[in-house]
Each structure stands twice: as C-alpha cells, then as structure tokens.
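Asks: The following comprises the amino acid sequence and a computationally predicted model.
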Amino acid sequence: MRALRFIPFMAAIVALVAFSASAEKPVLRVNDTQLTDTDLKLAQQVAATQMQRQNPRVHASPEEVMKRTVDQLIRQTLLLQAAHGANITVDPEEVKAEVDQQRTRLGAATFDTHLAELGLTSQEFTQRIEDQMVVRKFVETTVASKVTVTELDARNFYESNPASFERPEEVRVRTILFKLDPDADERQVIAAKLRAEDFRRRLVSGEDMAAMATSVSDDTSKENGGEIGWVRQGMLLPELEPGVWALKPGEVSEVLKSKLGYHLFKVEERRIPGKVSFDDVKGKVINIVKNEKVLAALEALVKERRAGAKIEALDPSIKAAVEALQPQREAKPLTATGSLIGPASNSPKGP
C-alpha cells in the first residue's frame, strides 16, 4: 500500500474541501454544488480548532466561527469545481488505499463508530477522500507545477527575515528511558531506579551509549541509538531540563525522573547561539518561498472564481455569515505561516 503524501502547502487546503454528500438538510449552494448540514458540521469543527490554535487566549464567538466556516466552505468548493473543470481525476485504487489506510490506523470498529457519529456512510466518506485527492492533484498539476523559485528569491527572503534564522543555544543528546507504568508500586519504582543507576555506572565507565540505548531503552529513539537530535531549551519535559542543560559535551546525566520513568542523557555536542547560514537552510527557504507563491496563486484563482460565483444561503443559520462575506468578497487571504509551514526541527519533543 502506497502512503499518500501531502506536501506542506496543501495540508490546510485539502483539510476543508467541500464535498457533495447526501445528507438530509441543504444549507448552502455554491454555483451548482449544494452543501449540507454534514458539510457544515465538519468544516465548523475544523474552523473552530484552527481559530483556537491561532489565538489560544481569545475565545472566538459563534458568529466568528460560522463566518470562518462558511468562507472556507465556499473557497474549497470553488477549488473543487475548478478541479472538475480541469477534468482532474484520480485512480480509484489510490482512493481505496487511502480509505483502507485510515480504517487500519483507527481500527475498524473505531472507524465505523466515527462515521456513524458524523452521519456518513462508507460510500460518502470514500467520496470525500476522492474529492480531497482531486483537489490535491489539481493544485500539484495546475498551480504548483508552474511555480518556480530561484536561489535569488530564496536569498532575498533569507536576508529580509533575519530574526527567523537566529539559532538559540542547542545541544545534541542521546537518551535512555527506563519506562515506569503509572500504576507501578513502590517495589517496581525502586527496581527501575536501581536498574537505571546500574546502567549509568556502566556508561561512566566507558560503555557505548548508542549500543546500550538500542538494547535496553524504552524510548522510540532506541532505533537511532538513543539520539534525539538537536534540542533547545523548552523542548524537553520541564523536570528533565536542568539536569540536561548542566551537562558538558561527553558527560552523562544523573538518573533523572519524569512522569514517564527514569532517564539517562548524554550530551554529544553543544552549539552556541548564532545565525544559521543561508547554505544550511537553503532548501527550507526555497520551500517556504514556494509555499507562499503557490498560496498567492491559489488566492488569485479563488478570488477570480468567487467574483463570478452564485452563492446562496439555504438555511437561516448561515444567512448572516453569507451576507457578511458577500460585500467584501476578499476574505482573509490564505497564509504560508503558522500551521502550514511550522517550525523546522529535526528534534522531537523530549522524552
């Protein structure tokens, strides 16, 4: 089974594609596409989550959430219509593979329960997946493929955003985790600590930590010899930070305890603060600039199609939102920052 890949600038785009499902209650019409209460409910959940993540300290009003929901439904419906107009299709076997992958990931029983809660049949869900894939292919073939980014474009972005490329102090570390069950009794806790202390003595005596981590660690980093990469302050669990940041390169920590169990750390390297060179981030910068260009092109496409679209509220609950969007026609542009790009790091959240 081939895993489907979502390139970064499409992650938010396909998340809210408007789909034609046979729900009971129509609520919105965009040209010849009729959207239902199910479409509205799903899009509203995503919109509310997005708004909360963008500004956790501000609680959006129901009216604001509805306006964002309706706006995104309209935008994504227009993109889907554009894809259909360009005769974009996808292989049914790829659609089936994606549905099967989601069913496997959740488990068949949980998957079916979620569909029932959403009011979707298996056929309707499959259609939604197909629509997502159609839009993704449309963006890839008709928009992204036409976008080019030169090294000069990337360098101009790099030089115009110096603060974005400042690197704080970082350490490259290995770790070994001796996991404890949350319900472990005192005897089990003592045994785990003694085991961790024994392995620490062996490390201090010169044994190889990478080999040891591969053999005994309960952390997922064991596959990499315990290495979790470069981390900066704030990336590890708070109770572990002091013991790790006090280490010099080559030193092994004391046995440290967290809610997960007992840990050992070794600092391999320490990197002082400074500006990351252009050559080190060239690939990332090119991707960021491409994302922005693709989103700008999509914004222009949506704006053009929206100007000639017939948009009608079919339910009183969204009439105010539709009317609020009509005069401006230019809702808040898509953005290439925040959840679309995200921080670049080769280091996972600390153990």
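Replies: Looks like it arrived, so ask away. A quick note: this is a predicted structure, and the numbers were derived from the prediction, not measured.
Asks: Secondary structure class of the nearest residue to S221 once chain neighbours are set aside, three-state.
Replies: Closest residue to S221 apart from its sequence neighbours, by C-beta to C-beta, 6 or more residues apart in numbering: I228 at 4.9 Å. For the C-beta atoms, the positions are set from N, CA and C on the backbone; glycine is no exception. Using DSSP: H, G, I helix; E, B strand; the rest coil as the criterion, the local structure at I228 reads strand.
Asks: I228 touches E170, doesn't it?
Replies: No: assessed by C-beta atoms under 8 Å, I228 is found out of contact with E170, at 11.7 Å.
Asks: higher neighbour count, these two?
Replies: Each of I228 and E170 has its neighbours counted (other C-beta atoms under 10 Å); I228 has more, 22 against 19.
Asks: can you tell me how far the residue nearest to S221 sits from T142?
Replies: 40 Å (C-beta to C-beta, to the nearest Å).
Asks: now stretch 113-122, how far from the chain's geometric center?
Replies: Distance, stretch centre to chain centre, for stretch 113-122: 24 Å (C-alpha atoms, centre = their mean, to the nearest Å).
Asks: in it, what counts as buried?
Replies: Going by neighbour count (16 or more other C-beta atoms under 10 Å), the buried part of stretch 113-122 is 118, 120.
Asks: Break this structure into its domains for me.
Replies: 8-150+280-340, 169-272 (automatic domain parsing).
Asks: which residues are in contact with stretch 203-216?
Replies: With contacts defined as C-beta atoms under 8 Å, 6 or more residues apart in numbering, stretch 203-216 is touched by 174-176, 178, 199, 202, 219, 221-223, 225-227, 252, 264, 266.
Asks: so of those, which ones are in strands?
Replies: 174-176, 178, 227, 264, 266 (DSSP state E).
Asks: Surely E254 is in a strand?
Replies: No: using three-state DSSP, the assignment for E254 is coil, not a strand.
Asks: if we can go back for a sec, just checking, which of the domains of the chain comes out with the lowest mean pLDDT?
Replies: Ranked by mean pLDDT, the domains of the chain bottom out at domain 8-150+280-340, which scores a mean of 83.
Asks: mind listing the strands for this structure?
Replies: Counting by DSSP E, the strands of the chain are 26-30, 33-36, 166-167, 170-179, 227-232, 256-258, 261-271, 274-275, 311-313.
Asks: partners of the residue nearest to L35 when sequence neighbours are not counted in the sheet?
Replies: Distances taken as C-beta to C-beta, 6+ apart place L28 nearest to L35, at 4.3 Å, with adjacent residues excluded. Counting by DSSP bridges, L28 is bridged to L35, A313.
Asks: which parts of stretch 133-144 are buried?
Replies: For stretch 133-144, burial by neighbour count (16+ other C-beta under 10 Å) applies to 133-139, 143-144.
Asks: from the middle of its chain, how far away would that stretch be?
Replies: Centre to centre, stretch against its chain (C-alpha atoms, centre = their mean), the figure for stretch 133-144 is 19 Å.
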